[in-house]
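Visitor: Next input, structure requested:
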Amino acid sequence: MAGSGLTIVIKLGTSSIVDEKTHEPILSILTLIVETVARLRKDGHRVVLVSSGAVGVGLRRMDVDERPTYMPRIQALAAVGQCRLMSLWDNLFSHLRVPVAQILLTRNDIADRTQYVNAQNTFEQLFDMGVVPIVNENDTLAVSEIKFGDNDTLSAITAATVKADYLFLMTDVDCLYTANPRSDPDAKPIEVVSDISTLEADVSSAGSSLGTGGMSTKITAAKLGTSAGVTTIITKSSKPGNVHEIVKYLQRLQEDGSAADGESRTFWLLHGLMPHGTLYIDHGAYNALLNKASLLPAGVLGVEGHFGHQDSVRLVVVDRPSPDALNGDFLHHSQEPKEVGRAIVNYGSIEISHIKGHRSTQIESVLGYSDSEYVAFHDNISFHPEDRHSHPVTPALTPALEAWKSPR
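Guide: Next up, the predicted model:
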């Protein structure tokens, strides 16, 4: 495998691979998935499949019409179906001479640090051997206290475990919508989510009768994935070739050199790290940052939250208060304070609250030491797309989506 390859996790829901009414495997989609994984591997990438479907396949094998509600019965069907499901994957992948491995997990398997590291080592060995790991929750033994709850959550935790670059959540819609597109003709697609806390989407609908998820579980998975630095993409399971096209496009961006590196880092700074607090900066500091300057303490007006050295924080631009204004009055300005980006800081919240408004030459006299003349280095600062102006960097996901959506 090429050393420059990416690590990609692809999650498939039950409704994507098992017919909801007949419970028969949807061989057309399964075959396309196998071909997509083989193409990704040929390009030098490491791929993990997180595959639901054991209960659905078990229903078919035992000629049961509906998913039961009695948990031991469900677990028994999962035991029957898991064998059939893995046999099916193994047969399909064998046509392309791709070996696969089964990994069954419960929350207990990652709650213990030693077992978590063992899981990482197992994945690493499988990658080195050229094997595609196929992950599912161990439904035959898990009880509610140790279950992940759904394979969307499991896929996000798996992506974090293998330090994946991308997590693809394959579903029966092509992206996230403001409402359920199957019942609301006015539903509009949401192609890129810059701040998941501001998301306005209808995620109330449940998954299929066979599955346990729905769009809400995918949002939860996206939160988990992005908090671990994994770019999460929701796309249509009936068109798995989209995965290959998106990855190819992002690789072309990376091959362009430093611009692509900056783009990837920008996306990570904005979406991969959980902010632990807020820095309020004035317009002068903001304009300087847009022109590739680093953040000086003189430009910081206020600090909110408790965070440490090298933590991620929000950057919010506010008007500088008049000299006779009370401390903190910038928070009550008539114009709503606006978050413009994120930064990784060189000092903790307590230190910055002491040095804010001071010159860099005064840091040592204020704190008794000086680790840096800057509150944050320019390379550790990123702006939201609409706020970049002279610092233009487009989020990595946007051109990728446009690339495979546009006609060729």
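Visitor: Can you name the next helix or strand after the biggest helix by length in the chain?
Guide: Using DSSP state H, we find that the single longest helix of the chain is helix 71-94. Read in the C-terminal direction, the helix or strand following helix 71-94 is strand 100-105, with elements assigned using DSSP states H and E.
Visitor: Check the offset of that next one from the chain's centre.
Guide: Taking Cα atoms, centre = their mean, to the nearest Å, one finds the center of strand 100-105 at 22 Å from the center of the full chain.
Visitor: Ok, stretch 21-29 next?
Guide: Its chain's C-alpha centre and that of stretch 21-29 lie 28 Å apart, by Cα atoms, centre = their mean.
Visitor: What is the longest helix of the chain packed up against?
Guide: helix 27-42, strand 46-51, helix 54-61, strand 100-105, strand 132-137 (3 or more Cβ pairs under 8 Å, 6 or more residues apart in numbering; DSSP states H and E). Any C-beta I mention is one placed from the backbone N, CA and C, and that applies to glycine too.
Visitor: In terms of mean pLDDT, which of those ranks lowest?
Guide: Taking each of these in turn, the lowest mean pLDDT turns up on helix 54-61, with a mean of 84.
Visitor: who touches that one?
Guide: Outside of helix 54-61, the residues that reach it under the criterion Cβ atoms under 8 Å, 6 or more residues apart in numbering are 14, 17-18, 22-25, 64-67, 74, 76-82, 84-85, 88, 136, 139, 210.
Visitor: That helix vs helix 71-94, what angle?
Guide: Counting by axes from the mean of the first three to the mean of the last three Cα atoms, to 10 degrees, helix 54-61 lies at 90 degrees to helix 71-94.
Visitor: Strand 100-105 and helix 54-61, what's the angle between them?
Guide: Relative orientation of helix 54-61 with respect to strand 100-105: 110 degrees, computed using the same axes, to 10 degrees.
Visitor: tell me which residues of helix 54-61 are tucked away?
Guide: Ala54, Val55, Gly56, Val57, Gly58, Leu59, Arg60 (16 or more other Cβ atoms under 10 Å).
Visitor: Can you tell me how far Ile344 is from Asn291?
Guide: For Ile344, the distance to Asn291 (Cβ to Cβ, to the nearest Å) stands at 19 Å.
Visitor: These two: which is more packed in?
Guide: Neighbour tally, Ile344 and Asn291, criterion other Cβ atoms under 10 Å: the higher count belongs to Ile344, 17 against 10.
Visitor: Tell me, please, where in this structure the pLDDT is lower than the cut-off.
Guide: Residue ranges of the chain with pLDDT under 70: 1-4, 111, 139-150, 172-182, 188-216, 227, 253-274, 322-336, 385-408.
Visitor: Please enumerate the strands of it.
Guide: In order along the chain, the chain carries the following strands (DSSP state E): 7-12, 46-51, 100-105, 132-137, 166-171, 176-177, 189-190, 231-236, 277-281, 300-305, 312-317, 338-344, 381-383.
Visitor: just to revisit the earlier point, mind putting the buried residues of helix 54-61 in CSV, distance to Ser238 included?
Guide: What follows is the buried residues of helix 54-61, written out as CSV (distance: Cβ to Cβ, whole Å):
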residue, distance to Ser238
Ala54, 21
Val55, 21
Gly56, 17
Val57, 19
Gly58, 23
Leu59, 22
Arg60, 20
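Visitor: how many other residues sit next to the nearest residue to Ala293 once chain neighbours are set aside?
Guide: With Cβ to Cβ, 6 or more residues apart in numbering as the measure, His378 is the residue that lies nearest to Ala293, at 6.3 Å, once sequence neighbours are left out. Under the neighbour criterion other Cβ under 10 Å, His378 is assigned a count of 16.
Visitor: any idea how far His378 lies from Ala298?
Guide: Distance of His378 to Ala298, given as Cβ to Cβ: 16 Å.
Visitor: Using CSV, write out every CA atom in stretch 60-72.
Guide: This file holds the C-alpha atoms of stretch 60-72, laid out as CSV (Å, rounded to 0.1, in the frame of the first residue of the first chain):
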residue,chain,number,x,y,z
ARG,A,60,-34.6,-14.1,5.6
ARG,A,61,-32.7,-17.2,6.6
MET,A,62,-35.3,-18.2,9.2
ASP,A,63,-38.3,-17.1,7.1
VAL,A,64,-39.4,-14.6,9.7
ASP,A,65,-41.6,-11.8,8.3
GLU,A,66,-41.0,-9.1,10.9
ARG,A,67,-38.3,-8.0,13.3
PRO,A,68,-39.3,-9.3,16.7
THR,A,69,-39.3,-7.2,19.9
TYR,A,70,-38.0,-9.9,22.3
MET,A,71,-34.3,-9.2,22.7
PRO,A,72,-33.1,-12.8,23.0
